[in-house]
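>>> pasting a predicted model and its sequence here:
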Amino acid sequence: MEAVVLAGGLGTRLRSVVPDLPKCMAPINGTPFLSYLIDHLTAQGVTKFIFALGYKSEEFIHFLHTKFPNNNFSIVIEDEPLGTGGAIKLAANKASTKDIIALNGDSLYKVNLKQLMQFHVQNNADCTLALKPMQQFDRYGSVEINANASIVSFKEKQFMESGFINGGVYALNVANFLAKPLPNKFSLEKDYLEKYAQEAKFYGNTQEAYFIDIGIPEDFAKAQVELL
C-alpha cells in the first residue's frame with residue numbers, strides 16, 4: 001500500500017505548548033508524533049510514503065531520513081498552504097498505485113488499512129472514509145450513511161448523542177480524484193467530499209479503533225499518557 005501523509009499544517013492551536021515545531025513533529029514522550037503514525041502505517045502494510053509538507057518543512061527532513069534509512073519515501077512541498085485537498089492533489093501526482101491511503105499527519109486512527117482498502121476496492125469507490133462511531137460529541141462534524149454504507153451527507157459540527165465522524169483516513173482512487181475539475185487550492189472535506197457527495201461513489205467503512213487528534217493542548221497532553 002501507498003500512503004499520502006498530510007504534514008503541512010500550521011498548528012496554530014498548539015502554539016502555546018509547541019511554539020517552534022510543525023504540529024506533526026510535536027514531541028510525544030520525546031518522540032515526534034509523526035513517528036507513531038509511521039509505525040502504525042508500516043505495521044499495517046504501507047511500504048511507500050509520500051509526505052505533503054509546508055510549514056517549516058525543513059524540520060522534517062533529518063527525521064525522515066533517519067526514520068527511512070532506505071529512503072523509501074518522497075516529499076512534495078507546498079509553496080503556499082493548499083488546503084487538505086490541494087495537498088493531496090499535489091501528492092497524488094506522485095502516486096504509483098491505482099488507489100492510495102490518504103490521511104492527516106496530526107491524528108492517529110488505528111484502523112485496519114487492509115480492511116479499509118478491501119472494502120474500497122470491492123465497492124469500486126471513488127473515496128472510502130474510515131468512520132469512527134462516537135457518543136456525545138460536538139467537536140466534529142458527522143457523516144450519514146445508507147444501509148449499504150454509501151455516504152448520504154455530511155453534517156456540520158453540532159452536539160450529537162451518537163453518530164459517525166470522519167476519522168481523517170481515506171482510501172482514494174487516484175485517477176477519479178485527479179479527473180475532477182478541482183483547483184490547486186481547496187478543502188478535501190468541503191470542496192470534494194461535500195460537493196460531490198450526491199454524484200460520486202463515496203463510502204464509509206466503520207471501524208471501532210483507537211483515535212487521537214493532537215490539534216489542541218488538552219489532547220496533546222492526553223497523548224503523552226496514552227501513547228506510552
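Nice, I can see it. What you see is a predicted model, and the numbers here were worked out from it, not measured in a lab. Numbers count the residues shown, from 1 in each chain.
>>> ok, residue 212 touching residue 223?
Yes: counting by CB atoms under 8 Å, residue 212 does reach residue 223; the two are 5.5 Å apart. For every residue, glycine as well, the C-beta is placed using N, CA and C.
>>> so what strands line up beside the longest strand along the chain?
Longest strand in the chain by number of residues (criterion: DSSP state E): strand 160-173. Partner strands and pairing direction for strand 160-173 (DSSP bridges) are strand 99-104 (antiparallel), strand 127-137 (antiparallel).
>>> where does this structure dip in pLDDT?
10-11, 15, 19 (pLDDT under 70).
>>> in it, which spans are helices?
Applying DSSP state H to the chain gives helices spanning 33-43, 58-67, 83-92, 113-122, 174-179, 217-226.
>>> got a markdown table for those helices, with mean neighbour count and distance to residue 132 too?
Shown next, in a markdown table, are these (neighbours: other CB atoms under 10 Å; distance: least, CB to CB, whole Å):
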| stretch | mean neighbour count | distance to residue 132 |
| --- | --- | --- |
| helix 33-43 | 18 | 15 |
| helix 58-67 | 14 | 26 |
| helix 83-92 | 24 | 18 |
| helix 113-122 | 17 | 12 |
| helix 174-179 | 16 | 22 |
| helix 217-226 | 14 | 14 |
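>>> and those: which comes nearest residue 18?
helix 217-226 (7.1 Å; CB to CB).
>>> so what does that closest one touch, helix or strand wise?
Packed against helix 217-226 by the contact rule (3 or more CB pairs under 8 Å, 6 or more residues apart in numbering; DSSP states H and E) you find strand 27-28, strand 211-213.
>>> what sits up against that helix?
13-14, 16-18, 26, 28-29, 33, 210, 212-214 (CB atoms under 8 Å, 6 or more residues apart in numbering).
>>> again, but for stretch 132-143
109, 129, 131, 151, 153-167, 189, 204, 206-209, 211.
>>> so how far is it off the chain centroid?
On the basis of CA atoms, centre = their mean, to the nearest Å, stretch 132-143 sits 17 Å off its chain's mean C-alpha point.
>>> repeat for stretch 174-194
Using CA atoms, centre = their mean, the offset of stretch 174-194 from its chain centre is 15 Å.
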